[in-house]
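Engineer: Okay, here's the prediction I keep looking at, along with the sequence it came from:
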Amino acid sequence: MTVVKMPQLGETVIEGTILKWLKQEGDQVALDEPLFEISTDKVDTEVPSSAAGVLAKIMVPEGETVAVGTELAEISEAGAGAAEAPGAAAQLASDGSSEAETPLATASGADAPSAPAPPAAAPPTAPALPSQMAASAQAVAAPPGDRGPRSQILSPLVRKLATEHGVDLTQVSGTGTGGRITKNDVLGFVASRGAGAPAPVGATAPAPAAQPAPASAPAPALVAPIAVGGAEEIVPVSHIRKQIAQHMKASLEISARAWNAVEVNMENVARLRERTKDAFKAREGFGLTYMPFVTRAVSEALLAHPMVNSELRGEEIAVKHFVNMGIAVSYDEGLIVPVLKGADTMNLLGIARGINDLAGRARAKKLQPDEVHGGTFTITNPGPFGSLISVPIINQPQTAILGFDSVEKRPVVIDDTIAIRHMVYISMSWDHRVIDGALASQFLARVKQNLETWDFAEDLGI
Amino acid sequence: MARLIRPAGLVDYDAANAEMHAFAERRLAGDAEDTLILLEHPPVFTAGRRWQPDHIVWTEERIAAAGAELRFIDRGGSLTFHGPGQLVGYPVLDLGPRPDAMRFVRDLEEVVIRASADVGVELHRSDVQTGVWSGPSKVCAIGVRLMRMRVSLHGFALNCTTDLSWYDAIVPCGLAGEGVTSLTRLAGREITVQEVAPLVARRFGDVFGMRLDLGDSTWPEDLIETLSANATA
């Protein structure tokens, strides 16, 4: 069962009016099919369905204005039709015994059994049942790859712990950032539950045929994750860590990596940034970093030297005359490379907004799947941590990756005198199967020239 | 490269509306680029989803007799007027999976404020209403709809040399007691659509961080043809 909520159409929008339901209760709904229309001030929009199935219930009628986040409707998965749920509930209720626990538990499979009621608890009453079913079905609903809110806020470790200890995570209150459930929350819950609690990991409850396979992370064949001895801690390799490992190793194995670097005088950019940073922050709500300048300069250089912006495919090279810029973003679980699509069509301001949006949502784990694919080139920026120069690994199947390190004041020779300037090393790892050193050098020279000579001020409108 | 489409003449409302929707479908499917359509319509009153009967002052017969049309459409807001001397902008943009719709509206206002400043007219926002204003009078109406919560439809209507007596027929945007004015009236000199359109296009590019391909008329040909075929010079 997927609950449909009033979406937020911007930070300042707090409520919306249901203009029209485009589907009626009982109608089939496909993923992304328009489900209803809302109106907020002067902006109306169709809202696509976030799930496929049957529109089981409409909770807010047309014409009503409700707060963002209000539950509007329920969509049940196709097959498990809405009509079946009340019947099943009634049947369970008529059993009237604590045996009702068993079918309920099977509904959620071995993944996340509901926290069993204390033995002395009254048998479930009829009104309680549908909501319990809804809750447990919801827990099952998210398949492993699903990006629903639940999977976004649960780390693999927490999931695994919950599975192993038979913890219903809806019963656990999170103390992490934004109410996130942490490892300690789960362990604390297990401890507080006491020794009497069952740990039904291998519960052999017969699974009803109609239910989809439980959504648990594939049954882990690994050893128990927590084994602290002395100063050594054993942590499981996270899903994202594994992906990074495979991707990086594969890149090194396949590409003939070469590397070179240029030193760039960032004085003009640094001054512009210094001059406009307060006004920019006040107007845009975020700080202006060096990255948009570099991205803008690199995008132009890629259009000028498209072989650097290419992809080797067997006997052919796909040369891209557009720029989808991968921006490496580090976050608490690792590294992700969201893609700024059409970077070559944007001016500095558009790039700055795009990067800020992507990086923010990357760190909040709110990127859409299509936002991390389709890059034609990648920039990584270890500079904020003080790195002076770096040798990145190419983000295959791209041909090159550019590293932008710390901008710092250095003494440099200008017109035979020594001056103090903001300088940076910009380096590039590139695939010698596709391009050669001459082109790599020309490309970096172009980036350098762009950054040193362009007047970026006009783009900012400040 | 984002595109600017600027058909000449007065473009029939229904044709432009249908093409805009078809074009947005293509944008949604990734078959088209972000585009700004700038045009003028023959006299037409459009009623958005929030219209109320008392927002139409004239009878439908009187509107027809005056040579205008009345259309009920799917954008936000209530009633407005389009006609000769008014620059209408339809940005068909992919605002991404989590659009900030209010930000989008504010950005459209910013485009109009900057372009108006370019011709020497200082305009401002209202704290409570969308649109761009001079004192208590509205110069530019804004009404937007999103297709699948992602691609923008409809847009803004900036009065340049508009015959303002048309607005007697309606309560603009459902706001009784609010006046309507034009750049020409505010500046005390004639400020035409032809003068303002390139400035709006340029400021649009600035505000939305796009480089607009100014003056493009080769793409998409079918859209240009449809819009031009429905235009009267």
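Structural biologist: Arrived safely.

Engineer: How about the residues of chain B by chain A?
Structural biologist: Applying C-beta under 8 Å from any C-beta of the partner chain, one finds that chain B approaches chain A through B:1-2, B:33-34, B:48-50, B:74-77, B:96-105, B:114, B:130, B:142-149, B:205-211. To be clear about C-beta, it is placed using only N, CA and C from the backbone, and glycine gets the same treatment.

Engineer: If any of those are buried, give me the PyMOL selection for them.
Structural biologist: Listed next is the PyMOL selection for buried residues among the residues of chain B next to chain A, using 16 or more other C-beta atoms under 10 Å in any protein chain shown:
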select buried, chain B and resi 1+2+33+34+48+49+50+74+75+76+77+96+99+100+101+102+103+104+105+114+130+142+143+144+145+146+147+148+149+205+206+207+208+209+210
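
Engineer: From the residues of chain B next to chain A, which land in strands?
Structural biologist: B:2, B:142-147 (DSSP state E).

Engineer: Of all those, the one with the weakest confidence?
Structural biologist: Lowest pLDDT among these: B:A2, with 76.

Engineer: got the contact list for that one?
Structural biologist: Applying C-beta atoms under 8 Å, 6 or more residues apart in numbering or on different chains to B:A2 gives the contacts A:345, B:33-36, B:205, B:208, B:210-213.

Engineer: In chain B, mark out all the helices, start to finish.
Structural biologist: B:13-28, B:60-65, B:101-118, B:183-187, B:193-207, B:221-229 (DSSP state H).

Engineer: Ok, the stretch 251-400 of chain A next?
Structural biologist: With DSSP state H, counting those that start in this stretch, the ranges of helices along the stretch 251-400 of chain A come out as A:267-284, A:291-304, A:348-363.

Engineer: would you turn the ones you listed into TSV with distance to A:R313, mean pLDDT and mean neighbour count?
Structural biologist: Formatted as TSV, those follow (distance: least, C-beta to C-beta, whole Å; pLDDT from 0 to 100; neighbours: other C-beta atoms under 10 Å in any protein chain shown):
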stretch	distance to A:R313	mean pLDDT	mean neighbour count
helix A:267-284	36	94	15
helix A:291-304	18	97	23
helix A:348-363	26	92	21
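
Engineer: quick one: which of those is nearest chain B?
Structural biologist: helix A:348-363 (2.1 Å; C-beta to the nearest C-beta).

Engineer: and the closest one with helix A:267-284, angle?
Structural biologist: Per axes from the mean of the first three to the mean of the last three C-alpha atoms, to 10 degrees, the angle that helix A:348-363 makes with helix A:267-284 is 70 degrees.

Engineer: how about the helices of the stretch 251-400 of chain A in CSV, adding distance to A:D332?
Structural biologist: Below are the helices of the stretch 251-400 of chain A laid out as CSV (distance: least, C-beta to C-beta, whole Å):
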stretch, distance to A:D332
helix A:267-284, 25
helix A:291-304, 20
helix A:348-363, 8
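
Engineer: could you point out where the stretch 301-450 of chain A is predicted with low confidence?
Structural biologist: Along the stretch 301-450 of chain A, no part satisfies pLDDT under 70.

Engineer: Enumerate the residues of it near chain B.
Structural biologist: Residues of the stretch 301-450 of chain A lying near chain B (C-beta under 8 Å from any C-beta): A:344-354, A:357, A:361, A:366, A:368, A:371.

Engineer: contacting residues for the residue in chain B that chain A sits nearest to?
Structural biologist: Per C-beta to the nearest C-beta, B:G209 is where chain B lies closest to chain A, at 2.1 Å. Shown in contact with B:G209 (C-beta under 8 Å, 6+ apart): A:346-354.

Engineer: between those, which is nearest A:G386?
Structural biologist: A:A352 (22.8 Å; C-beta to C-beta).

Engineer: quick one: the residue lying closest to the closest one once chain neighbours are set aside from A:R421, how far?
Structural biologist: Spatial nearest neighbour of A:A352, excluding adjacent residues (C-beta to C-beta, 6 or more residues apart in numbering or on different chains): A:P292 at 3.9 Å. According to C-beta to C-beta, to the nearest Å, A:P292 and A:R421 sit 21 Å apart.

Engineer: likewise B:W166?
Structural biologist: In terms of C-beta to C-beta, B:W166 sits 61 Å off from A:R421.

Engineer: I'd say A:L460 and A:R353 touch.
Structural biologist: No: between A:L460 and A:R353 there is no contact under C-beta atoms under 8 Å: 11.6 Å.

Engineer: A:A56 - that's part of a strand, no?
Structural biologist: Yes: checked against DSSP: H, G, I helix; E, B strand; the rest coil, A:A56 lies within a strand.

Engineer: Pull the contacting residues for the residue of chain A most remote from its centre.
Structural biologist: Centroid-distance maximum for chain A: A:D416 at 50.5 Å, with C-alpha atoms, centre = their mean. If a contact means C-beta under 8 Å, 6+ apart, then A:D416 has no contacts.
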